[in-house]
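In: Below: sequence and its predicted model.
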Amino acid sequence: QLRMAHVYKVTAPTHLYGTAFLAERLREKTDDLDITVYPSAQLGSESELLEQLVAGELDLAITGPSFLAMWHPPLGVFDAAFVSRDLDHLLELARSEEMAPEWDQLRTKYDVRVLDTWAYGSRHLTSNKPIRHPDDLDGFRLRLPAARIFQESGKALGSSAMPISFSEVYLALQQGIADGQENPVPVIKAMGFHEVQKCLNLTGHIQSSVQILVNERTWQRMTPEQQDALLKTIQELGDEVYRGTIDDEQRLIEEWRKDGTMEIVEDVDVAAFQARCRKYFSSGFEFSDLYNRITAEPSKAEPLKEDAQ
């Protein structure tokens with residue numbers, strides 16, 4: 001009997017295409033492993049879930065690189081703006097041999113094993129006025145997650161970054177406490193941010209991911225067959241989360257463009273944002289050397305093949 005928790009809403013791709021099916025898929029592979037998933041921050045915030053995971057109160061949890069970077073700073077590179085070109089490049093990096101020793105630090109220091117990395121989506125800015133250039137963010141109060149690397153990415157883009165709890169963002173936007181926020185399009189939809197913001201600015205500044213974590217003591221208590229069943233199920237669902245995230249983004253942008261839900265700002269000077277961010281992160285951070293190596297490399301990733309129709 002395993003317990004898993006995360007902060008994402010049931011309508012967000014992480015759960016909708018992923019963890020919602022975890023128990024069912026596991027039962028197809030083994031009859032001696034069951035899992036209960038607690039979504040929507042039922043058991044606490046991201047940092048609280050990590051504490052519970054380390055303590056062994058939870059068996060599995062999901063969190064992003066910026067929170068893991070509080071334990072092992074080099075992992076913050078994944079949430080540094082413009083380190084990866086697209087979601088394929090992101091997943092290639094996360095699963096590469098170069099990054100394996102970095103993930104392994106979590107296991108040796110904290111008894112937390114990374115089973116897989118899932119795509120969370122391309123993060124875009126929302127606002128009540130078009131944002132096309134870094135200069136448009138001068139004095140702009142941009143809400144980002146409280147983790148340091150997200151805040152630094154907001155500054156790198158040119159904004160006045162401000163931390164606001166995920167559950168309080170809607171009200172902050174509605175009341176004008178924040179001028180805008182940034183998230184993948186399916187998350188913007190799931191959280192209702194499109195109701196209180198006028199413009200979707202296609203910056204794609206962070207290719208966002210989440211890590212599927214298991215307590216190492218839980219992992220070692222499992223038989224090899226159970227480990228194999230859990231790992232394969234997590235990886236299979238990761239592919240489905242990837243496809244669902246891509247499809248949802250494309251569908252929602254097209255819907256919003258047609259019905260006027262949001263103004264879709266496509267003529268963003270991405271090159272100007274990219275140049276500013278790459279200069280910002282090129283030195284002074286624990287991961288700057290790694291960031292520079294990654295941004296200098298050509299991508300070898302290929303998109304996952306679509307299922308035959």
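Out: On my side now, so go ahead. Numbers count the residues shown, from 1 in each chain.
In: Look up how far residue 210 lies from the residue nearest to residue 63 when sequence neighbours are not counted.
Out: Spatially, and ignoring its direct neighbours in sequence, residue 63 is nearest to residue 46 (5.1 Å; C-beta to C-beta, 6 or more residues apart in numbering). For every residue, glycine as well, the C-beta is placed using N, CA and C. Plainly put, residue 46 is 10 Å away from residue 210 if you go by C-beta to C-beta, to the nearest Å.
In: which neighbours do those two share?
Out: 63-64 (C-beta atoms under 8 Å, 6 or more residues apart in numbering).
In: Tell me which of these two has more neighbours.
Out: A count of neighbours by other C-beta atoms under 10 Å puts residue 210 above the other of residue 46 and residue 210, at 26 against 22.
In: Let me know the secondary structure of that one.
Out: strand (DSSP: H, G, I helix; E, B strand; the rest coil).
In: how about low-confidence regions in the chain?
Out: For the chain, the stretches with pLDDT under 70 are 298-309.
In: What are the boundaries of the strands in it?
Out: Remark: strands assigned in the chain by DSSP state E are 2-5, 35-38, 60-63, 112-127, 141-144, 160-163, 180-184, 199-215, 263-265.
In: and residue 95, which of the ones you listed is closest to it?
Out: strand 112-127 (6.5 Å; C-beta to C-beta).
In: remind me, longest helix of the protein?
Out: helix 224-259 (DSSP state H).
In: now the helices for the stretch 51-200 of the chain?
Out: Under the criterion DSSP state H, counting those that start in this stretch, the stretch 51-200 of the chain contains helices at 65-68, 87-94, 100-110, 148-157, 169-174, 185-191.
In: tell me how far stretch 97-111 is from the chain's mean position?
Out: 19 Å (C-alpha atoms, centre = their mean, to the nearest Å).
In: and if you look at stretch 69-79?
Out: That offset, for stretch 69-79, works out to 13 Å (C-alpha atoms, centre = their mean).
In: Ok, stretch 6-20 next?
Out: Offset of stretch 6-20 from its chain centre (C-alpha atoms, centre = their mean): 12 Å.
In: Residues touching it, excluding its own?
Out: Contacts of stretch 6-20 (C-beta under 8 Å, 6+ apart): 4, 37-41, 45-46, 49, 61-63, 118, 120-121, 166, 184, 186-187, 189-191, 210, 237-238, 240-241, 243-245, 248.
In: one more time with 7 Å, if that's ok
Out: Defining contact as C-beta atoms under 7 Å, 6 or more residues apart in numbering, one finds that stretch 6-20 is touched by 4, 37, 39-41, 45-46, 61-62, 118, 120, 166, 186-187, 190, 210, 237, 240-241, 244-245, 248.
In: Pull that stretch out as CSV, backbone CA atoms only.
Out: Extracted C-alpha coordinates of stretch 6-20, given in CSV (Å, rounded to 0.1, in the frame of the first residue of the first chain):
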residue,chain,number,x,y,z
HIS,A,6,1.1,16.4,-5.2
VAL,A,7,-0.2,20.0,-5.4
TYR,A,8,-1.7,19.9,-8.9
LYS,A,9,-5.4,20.2,-9.6
VAL,A,10,-7.3,17.2,-11.0
THR,A,11,-7.8,19.2,-14.2
ALA,A,12,-4.1,19.8,-14.7
PRO,A,13,-2.2,17.4,-17.1
THR,A,14,0.0,16.0,-14.4
HIS,A,15,-3.1,14.4,-12.8
LEU,A,16,-5.6,14.4,-15.7
TYR,A,17,-3.3,12.3,-18.0
GLY,A,18,-1.0,10.9,-15.3
THR,A,19,-1.5,10.2,-11.7
ALA,A,20,-5.3,9.7,-12.1
